[in-house]
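Engineer: Compute the structure for the input listed below.
(one chain, ligands or ions: 2)
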Amino acid sequence: MREKIFKEQIEEAKTIAICSHVSPDGDALGSSLGLGLCLEAMGKEVIYIKNDDYPKNFMFLKQKELLKDQAPRPVDLFIVTDVAAESRIGDGLEFFKLAKNSLCIDHHRTNSGFCKHNIIDPDASSTCQLVSELLVENKMDIPKDAATMLYLGMVTDTNRFLYESTESKTLRLAAHLIDQGAEKQLIHNSLYESTNKDYLLLEGEVLSQTKYICGNKISISTLSLDQLEKYKLSQAETDPLVSVLKSIEGVEVSCLIKENAEDFQKVSLRSKEDIDVSKIALEFGGGGHIRASGFPLEGLNRQEAMEIMTERLEKLCDGKGNIISK
Ligand code: 5GP
Ligand code: MN
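Structural biologist: Numbers count the residues shown, from 1 in each chain. Ligands and ions are numbered 1, 2, ... in the order given. Prediction:
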């Protein structure tokens, strides 16, 4: 059924604009560029919408020149990939409003389906997995560069195929992408063997200022604009930090408050097993996945945000150092 929707909407369109979310990650870039390249191979005119800068370690993408600023214009179909909510479309919003038709392809369980057509699969480990599946089910060609893009998102959203969301199907689809020529070593070297020295120093600083509550089962830290400036790093380059806070022995839930402006913070939450952090994100107007979600906190400074988050996360605790699901 869903593969039919995918095929029909694409077949009907000549011009397609494709976009992912603000503060793009590997899955956002991989799914939008990967799908776009497949659509171009089918003879479609594709406009790639640039949303923010992307992490420097993705700069190996030959496709980076595709992401140029474009004036909004009406297209037959607007596709959004890996976008959980309309508020996350960023610069794609004008295209979205002008488009005749829209298709949302996503794996966030908090996605309410804001497009005309919506293919949402919360069980897919990445949007790149879902896109690959839709392409394979429809026997559509995946050119080499598209395979590399799709593989990128599968690797990053599963943390190198380590997360529980990795199914046998995930690995079969990844194998198919390798068969299509996906440059897996290039991805591996660029992402995991090229860590910025300054990022590692910042990681140490953030770790040393981390607060632990609930018998050390919850870690909470902040990242200030001054620290970004000190280490000459972009917000995007600090994406792994919240997962580092989660990887600590005994920690079940991690929280990182990232200062975007003095009175505007972005909160990232991660959990290892039982706790559904998307519930907390929804309470604050954000969203995401069971084990990875986020939201903005407006009108609060870092310290105030720290207090609010400490108070909220304390509620996950029974007061005796045990996590309870709430
Ligand atoms: P991160 O903590 O890396 O920013 O985001 C983790 C997950 O939560 C991602 O899948 C992201 O799409 C989702 N997310 C982060 N911030 C927001 C937000 O403000 N709104 C919604 N709906 N989802 C978000
Ligand atoms: Mn994703």
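
Engineer: show me the contacts for the closest residue to ligand 2 within the chain.
Structural biologist: Closest to ligand 2 within the chain is residue 27: 3.3 Å, counting by CB to the ion. Where C-beta positions appear, they are placed from N, C-alpha and C, glycine not excepted. By CB atoms under 8 Å, 6 or more residues apart in numbering, residue 27 lies in contact with 82, 126, 127, 128, 153, 154, 156, 157.

Engineer: of all those, which comes closest to ligand 1?
Structural biologist: residue 82 (7.0 Å; CB to the nearest ligand atom).

Engineer: Let me know the pLDDT of the closest one.
Structural biologist: Per-residue confidence at residue 82 stands at 98 (pLDDT).

Engineer: residues near it, how many?
Structural biologist: The number of residues packed near residue 82 is 30, by other CB atoms under 10 Å.

Engineer: thought it was touching residue 107?
Structural biologist: Yes: under the criterion of CB atoms under 8 Å, residue 82 makes contact with residue 107 at 7.3 Å.

Engineer: and for these two, which residues touch both?
Structural biologist: Counting by CB under 8 Å, 6+ apart, the residues touching both residue 82 and residue 107 are 126, 127.

Engineer: At which residues are the helices of the chain located?
Structural biologist: 2-12, 26-41, 93-98, 127-137, 144-157, 168-179, 184-192, 197-208, 225-231, 241-246, 277-283, 302-314 (DSSP state H).

Engineer: Quick one: residues in contact with the fourth one.
Structural biologist: Spelled out, it's helix 127-137. 2-3, 6, 27-28, 30-31, 34-35, 38, 81-82, 105-107, 119, 121, 124, 142, 149-154, 157, 169-170, 173, 176-177.

Engineer: close to ligand 1, is it?
Structural biologist: No: remark: helix 127-137 sits outside contact range of ligand 1, by CB under 6 Å from any ligand atom, the gap being at least 9.4 Å.

Engineer: again, but for the second one
Structural biologist: No: using CB under 6 Å from any ligand atom, helix 26-41 never reaches ligand 1; the gap is at least 7.9 Å.

Engineer: what is the orientation angle of that helix with helix 168-179?
Structural biologist: 50 degrees (axes from the mean of the first three to the mean of the last three CA atoms, to 10 degrees).

Engineer: for the record, mean pLDDT for helix 26-41?
Structural biologist: According to the model, helix 26-41 has a mean pLDDT of 96.

Engineer: Pull the distance from it to the chain's centre.
Structural biologist: 14 Å (CA atoms, centre = their mean, to the nearest Å).

Engineer: Next, the buried residues of that helix.
Structural biologist: For helix 26-41, the neighbour count (16 or more other CB atoms under 10 Å) marks 26-40 as buried.

Engineer: Ok, the fourth one next?
Structural biologist: Neighbour-count burial for helix 127-137, counted by 16+ other CB under 10 Å, picks out 127, 128, 129, 130, 131, 132, 133, 134, 135.

Engineer: Looking at the residues you listed, which is nearest ligand 1?
Structural biologist: residue 127 (9.4 Å).

Engineer: Just the buried residues of the contacts of helix 127-137.
Structural biologist: Buried among the contacts of helix 127-137 (16+ other CB under 10 Å): 2-3, 6, 27-28, 30-31, 34-35, 38, 81-82, 105-107, 119, 121, 124, 142, 149-154, 157, 170, 173, 176-177.

Engineer: mind showing which ranges of the stretch 51-200 of the chain have poor pLDDT?
Structural biologist: The stretch 51-200 of the chain contains residues with pLDDT under 70 at 62-64.

Engineer: if you set the cut-off to 90 instead, what comes out?
Structural biologist: Within the stretch 51-200 of the chain, the ranges that satisfy pLDDT under 90 run 51-71.

Engineer: Close to ligand 2: what parts of it are there?
Structural biologist: 82, 127, 157 (CB under 5 Å from the ion).

Engineer: Any chance of these in a markdown table with distance to residue 18 as columns?
Structural biologist: Shown next, in a markdown table, are these (distance: CB to CB, whole Å):
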| residue | distance to residue 18 |
| --- | --- |
| 82 | 11 |
| 127 | 12 |
| 157 | 18 |
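
Engineer: Contacts only, for the most centrally placed residue in the chain.
Structural biologist: Nearest to the geometric centre of the chain sits residue 25, at 4.7 Å (CA atoms, centre = their mean). Residue 25 is in contact with 55, 156, 157, 239, counting by CB under 8 Å, 6+ apart.
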